[in-house]
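Student: Dropping the sequence and predicted coords here.
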Protein chains: 2
Amino acid sequence: MANAGQGLVRKRVVVLGGGFGGINAAMGLAHMPIDVTLVDRKNHHTFQPLLYQVALAVLSPADIAQPIRSILREHKNIDVLMDEAVGFDVADRRVKLKSGSELEYDYLIVATGSTHSYFGNDEWAKLAPGLKTVEDATEIRRRVLLAFELAERQMLETGKHPGLNFVVVGGGPTGVELAGAISDISKLYMKKDFRHINPSTAKVMIVEGSPKLLAAYPPDLQAAAQRQLAELGVEVRLGVHVTDIQPGYVIANGEKIDSVCTLWAAGVQASPLGKLLGFETDRKGCVLVDKYLNPPGHPEIYICGDLAHVEQDGKQVPGVAQPAMQMGAYAAKRIGKMLAEERGSDGPRKDPGFRYFDKGDMATIGRKAAVAKIEWPFKAHWSGFPAWMTWLVVHVFFLIGFRNRLSVFRQWAWTYVTFSDGARLITGSQELPGWEVQEGVAEMLPVSAKPLDLGSPKSN
Amino acid sequence: MANAGQGLVRKRVVVLGGGFGGINAAMGLAHMPIDVTLVDRKNHHTFQPLLYQVALAVLSPADIAQPIRSILREHKNIDVLMDEAVGFDVADRRVKLKSGSELEYDYLIVATGSTHSYFGNDEWAKLAPGLKTVEDATEIRRRVLLAFELAERQMLETGKHPGLNFVVVGGGPTGVELAGAISDISKLYMKKDFRHINPSTAKVMIVEGSPKLLAAYPPDLQAAAQRQLAELGVEVRLGVHVTDIQPGYVIANGEKIDSVCTLWAAGVQASPLGKLLGFETDRKGCVLVDKYLNPPGHPEIYICGDLAHVEQDGKQVPGVAQPAMQMGAYAAKRIGKMLAEERGSDGPRKDPGFRYFDKGDMATIGRKAAVAKIEWPFKAHWSGFPAWMTWLVVHVFFLIGFRNRLSVFRQWAWTYVTFSDGARLITGSQELPGWEVQEGVAEMLPVSAKPLDLGSPKSN
């Protein structure tokens, strides 16, 4: 009787975070006899690997983001709550929410990911936006496009303009993708649109503090990436530390580098929830977990994705989409086994623990190049166009939501065929840090009788 | 010899505004021996008739907005400048720009349109956003979607939520379109996404100060619109004046009307440039012009679109897209004739002046109804589905840019076939005026064992 009664009380799982980890955990729990509440402060899941394409005006936010409710709509045992966890009582199994209420749980999955770290220089955030959210992407788009507009205006008014130098701080996959894409759009897409400046004179520089570009990749692919970036005209400076970011310039290794638009792709820190939980974290704020993804002494709590510090074969599992998805799925499966065990069958005792199955890693470099370290279904290192094609197929395939997949594919096809795109909207403010109106320089401005000669921007 | 010399000095036209008037003026001047500079503070032209579909999360901003540079890319005699006019010297033929410099002109076309008017209550702007720009549309989308999210959260936390009352102030075409669309999305698209609230209980109300809905339409279509809105469950209150807007409610004719989200579609005022020019304006700030669209004594200045007060057959030409397009085209043509006349042929003396050719007017009401007053190629008053089909064909046809046209059409087809859409992103703040976290009410929140019974939201 007690047993039967226990069977009727459904267990409760709270999932924090609607990124790759959280969504996959929720999906894994969807058909279990369990009640799930997924909490995210955004209403949408963001397909982060394609976020840089929104930042560079190729895709629209709706192409790569989808409301979490829509994704989980069919699963009646899952609630979605737009809110934010602000505290825990792990002894009493409760999560405190920003809205003031609390959620009780039997199992807790924390998958709130990571955000930029400015290494203590938080004042840099305004001068060098990073790329984690749809809002970030729109802000980067605004800044990059505005730099060209302001240069055109200044050229028209004064006959000269500051050099179109874009500095990307950080030489990981995001930095490489942003730099390649800025170089591409300035050379390919924008040259037809401006009369007075030559957008293809834009210079893109990657400044990376460590001696390696794409540190997580093998040396041959690092070299390939550097070669492909060089072909795009992107300057890569390795072992160079940024010590200051100001409007209009960056100080790196003591040198002042002019920058009309600085982007941040360097530091990453774990979500503050790691520390709030009260468990031991590494220096990035990732929670140290055991092989079951549990923090010590709490088999009912799972940490998934970027927030988890998981070691495997002596190396830390990287903070990218694939491990996060696998961790989320693992946590769900394990919770299912524990439920089954409570009902009498055996489960988790047989569990060898989480193991990251690495299918490989890819980073694009502009419009038709990439590097791909393929681990499955065969091992290979590819670069150039084959890597890029692989990247394209994999990313379209994994995009959540059929509509988005179709839409993104169509948009890409259109962009690549026509060399044009229609997402180059500047919304929000028309100011750019460091771009002052140069009082006194502005003179009487005749409508130009002919475009100023700046070499031969139009003919190539 | 003097004559030949004069022929070499190309005349300069400055076009202010990249809306329907300005774009059509620039297009009209594209192949003339003349230099054109189009100035807009935005980098994009917005197809305003479809803006409400962005506000209600059916379309993305990039579907209905296109960079002005892209639109005019092929026309080598046209410069595009992202800047803002802040003053004039009409005697000396100069425009002062916000960036500090000045533009000289031989001809000036001012087509900077109109914006919302809160009738002196500018503090209402934050509480009841209007719909003129892409930013406005994103803000309205954020508020409407957030109202549902916050209601769901509050329901989950406290077992009750404020009524989902949406108040639209103003019963013109924009008000009718917004109200119909909110009603539609709450009934059709959102019901599958929420577990605890029933989105189809949302109530939409139009509050209009005048005794007529869609005042510019004939009485039979006004009645048809009112009937169709009633079928959608939209309450229309006519002759009701809003005297205060506060977070969470509206005061109209002394009555307090609860509102989780108030939208403004009531007053319109002309761009401030009308007054800055120094000519006589009407009470909305529209410049009084003669039949050639010139303000008195200035045949070199043309006022086009919403900013122009043009009377025809005893009535003022309305401030909508069609007249703006025709005025822009007329101004360009007339400037062309004047140039030809200077060269010896005769031109403008034969000009009977601008005449608005009215092809009709349409307003949609939700997903498959509309009213259409057709004036050309035949005269008819349509309502319901035929009017809606007409609206759809006309709007897709007139969308500037082939890509957008295709994209919008596809998006619509998808939305109408699947009853779902993927543009329902909430970006920006997660606060909504009037939606306070109710301290103390929040209690321990068990993850719901089953959705609360609210009638039968799921079964219909």
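Tutor: Arrived safely, thanks for sending.
Student: What residues does the stretch 151-300 of chain A have near chain B?
Tutor: Taking CB under 8 Å from any CB of the partner chain, the part of the stretch 151-300 of chain A that reaches chain B is made up of A:152-153, A:156-158, A:192-196. C-beta coordinates here come from the backbone N, C-alpha and C atoms, glycine included.
Student: Now which of the residues you listed would you call buried?
Tutor: Members of those that pass the buried threshold by neighbour count (16 or more other CB atoms under 10 Å in any protein chain shown) are listed as A:152-153, A:156-157, A:193-196.
Student: Make CSV from those and add pLDDT to it.
Tutor: Compiled in CSV, these are given as follows (pLDDT from 0 to 100):
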residue, pLDDT
A:Glu152, 92
A:Arg153, 91
A:Leu156, 86
A:Glu157, 82
A:Asp193, 86
A:Phe194, 91
A:Arg195, 88
A:His196, 92
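Student: Which two among these are spaced furthest apart?
Tutor: The widest separation within these, taken as CB to CB, falls between A:Glu157 and A:Asp193 and amounts to 18.2 Å.
Student: got the contact list for A:Pro61?
Tutor: For A:Pro61, the residues meeting the contact criterion (CB atoms under 8 Å, 6 or more residues apart in numbering or on different chains) are A:54, A:134, A:137-138, B:60, B:425, B:427.
Student: one more time with 6 Å
Tutor: Contact partners of A:Pro61, counting by CB atoms under 6 Å, 6 or more residues apart in numbering or on different chains, are A:54, A:134, B:425.
Student: Any stretches of the stretch 301-450 of chain A with poor pLDDT?
Tutor: Along the stretch 301-450 of chain A, segments meeting pLDDT under 70 span A:344-349, A:399-423, A:434-450.
Student: Helices of that one, start to end?
Tutor: Listed in chain order, the helices of the stretch 301-450 of chain A (DSSP state H, counting those that start in this stretch) span A:321-342, A:385-398, A:402-418.
Student: Show which residues not belonging to stretch A:301-311 make contact with it.
Tutor: Stretch A:301-311 is touched from outside by A:21, A:108-114, A:270-271, A:274, A:282, A:286-289, A:293, A:295, A:317, A:319, A:324, A:327-328, A:331, with contacts defined as CB under 6 Å, 6+ apart.
Student: same thing with stretch A:149-166?
Tutor: Stretch A:149-166 has contacts (CB under 6 Å, 6+ apart) with A:182, A:194, A:196-197, A:202-204, A:258-261, A:435, A:441-442, A:445, B:43, B:81-83, B:101.
Student: Just the buried ones from those, in PyMOL syntax?
Tutor: This is the PyMOL syntax for the buried subset of the contacts of stretch A:149-166, where burial follows 16+ other CB under 10 Å:
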select buried, (chain A and resi 182+194+196+197+202+203+204+259+260+261+435+442+445) or (chain B and resi 43+81+82+83+101)
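Student: for chain A, longest helix please?
Tutor: Ranked by residue count under DSSP state H, the longest helix found in chain A is helix A:134-158.
Student: circling back to that earlier point, for the residues of the stretch 151-300 of chain A next to chain B, work out which two are farthest apart.
Tutor: Put simply, by CB to CB the two of those set farthest apart are A:Thr158 and A:Lys192, 23.5 Å from each other.
Student: Next secondary structure element downstream of the longest helix of chain A?
Tutor: Under the assignment DSSP states H and E, the closest C-terminal helix or strand after helix A:134-158 is strand A:165-169.
Student: mind listing what that following strand pairs with, with the direction of each?
Tutor: Strand A:165-169 has these partner strands in its sheet, going by DSSP bridges: strand A:203-208 (parallel), strand A:261-264 (parallel).
Student: Give me the distance between that strand and the centre of its chain.
Tutor: Put simply, strand A:165-169 sits 18 Å off its chain's centre (CA atoms, centre = their mean, to the nearest Å).
Student: between it and helix A:134-158, how many degrees?
Tutor: 160 degrees (axes from the mean of the first three to the mean of the last three CA atoms, to 10 degrees).
Student: pLDDT averaged over strand A:165-169, what's the number?
Tutor: Across strand A:165-169, pLDDT averages out at 97.
Student: and if you look at stretch A:37-55?
Tutor: On average, the pLDDT along stretch A:37-55 is 92.
Student: Which parts of the stretch 51-200 of chain A are helices?
Tutor: In order along the chain, the stretch 51-200 of chain A carries the following helices (DSSP H, counting those that start in this stretch): A:51-55, A:61-64, A:68-72, A:134-158, A:173-184.
Student: which helices and strands does the last one pack with?
Tutor: Identification of packing neighbours for helix A:173-184 by 3 or more CB pairs under 6 Å, 6 or more residues apart in numbering or on different chains; DSSP states H and E yields helix A:51-55, strand A:165-169, strand A:203-208, strand A:360-364.
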